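Visitor: my questions concern the predicted model and sequence given below.
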Amino acid sequence: MRTLFIAGNWKMNLSKDESCKLGEQLRDAVGDAGDVRVAVCPPFVFLDPLGALLDGSPVAIGAQNMHPEIGGAFTGEVSGSMLKDVGCEYVIIGHSERRHVFGETEDFIAAKVTRALADGLKPIVCVGETLAQRESSETQQIVCRQVESALNGVDNDAMSLITIAYEPVWAIGTGRTAAPEQAEEVHAIIRSLISDLFDSGVADNVVIQYGGSVKPDNATDLLSRENVDGALVGGASLKAETFIPIIESARSIMQMGQQ
Ligand code: PEP
């Protein structure tokens, strides 16, 4: 059965007090999330208090990044098992800011996916083309290459733990959202690739989120598309007033589908 998965990426924003207050607001508002999955991904240093605060609630926590090694001399880095220790269920891997600002390679991203799964975390694997790549008609080639590379070490069973987030780079933090038709087109391409790489059952069940300036006023339109299974939300996840309506849009869509 279809699920919608809404995750908030807080990036390097909010203080400890603000993070905990927002966590409380979400916990109270989400209540029984029904068929909608909800997660928030705060900065590393706030995972522990958020994990405690949201323990037993339908709001899961995730990290925004991790290192692919088990441990050792990697100053400033955080391992998957450390994330698991503080209650993380998810980890975002290959976000465009990691790829483009921090220069992460596809091999490094693939290694993180493999390690995250070994550590019992559910990876949210981000892929997406830049504006220049879209304008030169390379979207399909770039996105398929990123998906195939990131899932290189993943088997059919582990695919049930993977979320793919299609996030066109030109739509992240810009206020410029992909038109629902543009998102749907790329999501369908990703699903068909997953069918080729794994099988049609895996492809039917894999959750493909859209990310890039999702807001309360465009969420319903995006989430209603057949191949859009949720949203990875940046800016609008930083305030209860904008994040909760996105979760409510997802819930309404799920309820309509059940009637
Ligand atoms: C993101 O950070 O993954 C994101 C989609 O950001 P925004 O919603 O602000 O565009």
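Guide: Nice, I can see it. Residues are numbered from 1 along each chain as shown.
Visitor: once you drop chain neighbours, what's closest to residue 55?
Guide: Distances taken as Cβ to Cβ, 6 or more residues apart in numbering put residue 87 closest to residue 55, at 6.5 Å, once the chain neighbours are dropped. Where C-beta positions appear, they are placed from N, C-alpha and C, glycine not excepted.
Visitor: so that neighbour makes contact with residue 46?
Guide: No: judged on Cβ atoms under 8 Å, residue 87 makes no contact with residue 46 at a distance of 11.8 Å.
Visitor: just to revisit the earlier point, residues touching the residue nearest to residue 55, list them.
Guide: By Cβ atoms under 8 Å, 6 or more residues apart in numbering, the contact list for residue 87 reads 47, 48, 51, 52, 54, 55, 61.
Visitor: from the ligand, how far off is the third one?
Guide: This points to residue 51. Distance of residue 51 to the ligand, computed by Cβ to the nearest ligand atom, to the nearest Å: 21 Å.
Visitor: which outside residues touch the helix or strand where that residue lies?
Guide: Under the criterion of DSSP states H and E, residue 51 resides in helix 47-54. Surrounding helix 47-54, the residues in contact under the criterion Cβ under 8 Å, 6+ apart are 16, 19-20, 23-24, 26-27, 40, 42, 60-61, 63, 83, 86-88.
Visitor: restricted to helices, list these.
Guide: 16, 19, 20, 23, 24, 26, 27, 83 (DSSP state H).
Visitor: and the furthest pair within the residues you listed?
Guide: Maximum pairwise distance among the ones in helices among the contacts of helix 47-54 (Cβ to Cβ): 21.8 Å, between 24 and 83.
Visitor: for residue 153, what is the enclosing helix or strand?
Guide: Judged by DSSP H and E, residue 153 forms part of no helix or strand.
Visitor: helices of the stretch 151-259 of the chain, start to end?
Guide: Along the stretch 151-259 of the chain, counting by DSSP state H, counting those that start in this stretch, helices occupy 180-197, 200-205, 216-223, 240-257.
Visitor: so which of these is nearest residue 139?
Guide: Closest among the helices of the stretch 151-259 of the chain, using Cβ to Cβ: helix 180-197, at 6.4 Å.
Visitor: helices and strands around the closest one, which ones?
Guide: helix 139-150, strand 163-166, helix 200-205, strand 207-211, helix 216-223 (3 or more Cβ pairs under 8 Å, 6 or more residues apart in numbering; DSSP states H and E).
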